[in-house]
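1. Sharing a model that was predicted from the sequence below.
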Amino acid sequence: MRMYDLITKKKHGEELTDAEIAFWIKGFTTGEIPDYQVSALLMAICLKGLNERETATLTMEMARSGDMLDLSAIHGKKADKHSTGGVGDKTTLVVAPVVASLGVPVAKMSGRGLGHTGGTIDKLESIPGFATTVPADLFIKNVNEMKLAVAGQSANLAPADKKLYALRDVTATVDNLSLIASSIMSKKLAAGADVIVLDVKTGSGAFMKSFEDSCALAETMVRIGNNCGRKTYAVITDMNQVLGTAVGNWTEVEEAIAVLHGKGDPELTYVCETLASFMLVGCGIAKDREEAVCMVRKAIADGSAFRKLCELVERQGGDASYIEHPEKMPKASFSLDVKAETAGYVASVNAEEVGMAALLLGAGRERKEDAVDPLVGLSVYKKVGDFVAKGDVIGTLYANRKEALSAARERFLAAYKFSANAVPAVVPVYGYVDEKGYHALS
Ligand code: URA
């Protein structure tokens, strides 16, 4: 078999056989197939597509390219959640302790931020002492004893995806439905959970900008998950503006703490409740979503979900006094209020631009080897539909390098579009996909 022939076939829009996909992924993982040939194939895939069978085969080959985690030593049905990547998306920091406090084992492998999107591991590492590298036996022990552990993705989890993603990132081949679906699902399948809840973002800050594309991605991933024996749901949530009000690392942990105290942003709280409810139903802890949402609200109201976050932080070496008293965390050295230069109703807030403003402040990374600053970021005060008078403060930027503020301010302001006419607020959750297809919510 020759890689050259696979590239030629795909260039002409022909299907690749299962054996050809296995040949490509194995050869690429071992380094026998060079990057330039894989880049050519990836571009042909972007132009000609992969069908459902090819996508499923690619997913399984990438999942099997490294360790398939065996979570059988953890009692009960294990749940996992995954977001396709957003701005201000701190839902894992809320959802994981909520469902763990209700008895669902969560053995969570999370990633770091890249580009305009943040990552749970960077956020958790903003808590002094918190270790995101956890030996496998301790990881399992923690989940068995306290139902929750969160660690960085181990080096040998779907290594083919890691290599492929790095190549896609520099060859303009990220935004293909089949490549995104197989990338995400290969890691989820390898991570071993029985129940997978996917948060598929749609809108300006998401990989998938249109609702139709997001739905198609959700349906593909749900089919792959269910066909592999994992109960899989995808919730389609909005990314036409920042989720909640905080973007950064520690600032997002702070906002998650507020949600766990029942004092969080209502839209963020609603998204978290929705995601958690599918995890509870999928694991059989709640009989339906209505019951699940009641359980979630009770876990927040009685403080058990907040205590679970403190327990997680302590178990993984962190100083939980920062979770109990977030006000004791030092502030970034500089801050700047951003004022509206025009009056009107907020018509849109380009989440990708806001994410880029946070990156310029030092909260994100352009290349994966870059470091992030845990204390910098921004707050967003005005959302789609809000009326803003000229001079109103629409956000605040926090930086440790004063010179970062002005470029970030430009980017932040450019994210806002105003309208003279009233604009309806954005719906935070559109609907969900299960094995029967799409169902609208709200
Ligand atoms: N997240 C992933 O893990 N992979 C993609 O391709 C896109 C988003």
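-> That came through fine.
2. ok, which residues in the stretch 51-200 of the chain are in contact with the ligand?
-> Contact residues, the stretch 51-200 of the chain versus the ligand (C-beta under 6 Å from any ligand atom): Thr84, Gly85, Tyr165, Val174, Leu179, Ile180, Ser183, Ile184. No exception for glycine: its C-beta is placed from N, CA and C like everyone else's.
3. Keep only those of those residues that are in strands.
-> With strands defined by DSSP state E, no entry of these lies inside them.
4. per-domain residue ranges of this structure.
-> 3-49, 79-155+185-324+429-435, 332-419 (automatic domain parsing).
5. Turn those domains into CSV, including mean neighbour count and mean pLDDT.
-> Formatted as CSV, the domains of the chain follow (neighbours: other C-beta atoms under 10 Å; pLDDT from 0 to 100):
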stretch, mean neighbour count, mean pLDDT
domain 3-49, 17, 97
domain 79-155+185-324+429-435, 22, 95
domain 332-419, 19, 95
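6. of those domains, which approaches Leu58 most closely?
-> Leu58 lies closest, by C-beta to C-beta, to one member of these: domain 3-49, at 5.4 Å.
7. For the most centrally placed residue in the chain, which non-adjacent residue is spatially closest?
-> For the chain, the residue nearest the mean C-alpha position is Ser83 (3.1 Å; C-alpha atoms, centre = their mean). In this structure, Ser83 finds its nearest non-sequential neighbour in Asp199, 4.1 Å apart by C-beta to C-beta, 6 or more residues apart in numbering.
8. Mind listing the residues bridging to that neighbour?
-> For Asp199, the beta-bridge partners are Ser83, Val235 (DSSP bridges).
9. Go ahead and confirm it touches Val235.
-> Yes - with contact defined as C-beta atoms under 8 Å, Asp199 reaches Val235; the gap is 5.5 Å.
10. hey, what's in contact with both of the two?
-> The contact sets of Asp199 and Val235 overlap at Val271, Leu275 (C-beta atoms under 8 Å, 6 or more residues apart in numbering).
11. Contacts only, for Ala216.
-> Applying C-beta under 8 Å, 6+ apart, the residues near Ala216 are Leu177.
12. do the same with Ala151
-> By C-beta under 8 Å, 6+ apart, Ala151 lies in contact with Lys108, Met109, Ser110, Thr132, Thr133, Val134, Phe139.
13. how far away is it from the ligand?
-> As defined by C-beta to the nearest ligand atom, to the nearest Å, Ala151 lies at a distance of 16 Å from the ligand.
14. bridging residues for that residue?
-> Applying DSSP bridges, one finds that Ala151 bridges with Met109.
15. For the closest residue to the ligand within the stretch 251-400 of the chain, which non-adjacent residue is closest in space?
-> Nearest residue of the stretch 251-400 of the chain to the ligand, counting by C-beta to the nearest ligand atom: Lys368, 12.6 Å away. Once flanking residues are discounted, Lys368 sits nearest to Leu114: 6.1 Å by C-beta to C-beta, 6+ apart.
16. Quick one: residues in contact with stretch 97-106.
-> 74-80, 96, 143-144, 146-150, 260, 272, 276, 279-280, 283, 285, 295-296, 299-300, 304-309, 312.
17. List the residues that contact the residue nearest to Lys368.
-> Asp169, Gly364, Arg365, Lys368.
18. What distance do you get for the third one to Glu254?
-> Spatial separation of Arg365 from Glu254 under the definition C-beta to C-beta, to the nearest Å is 21 Å.
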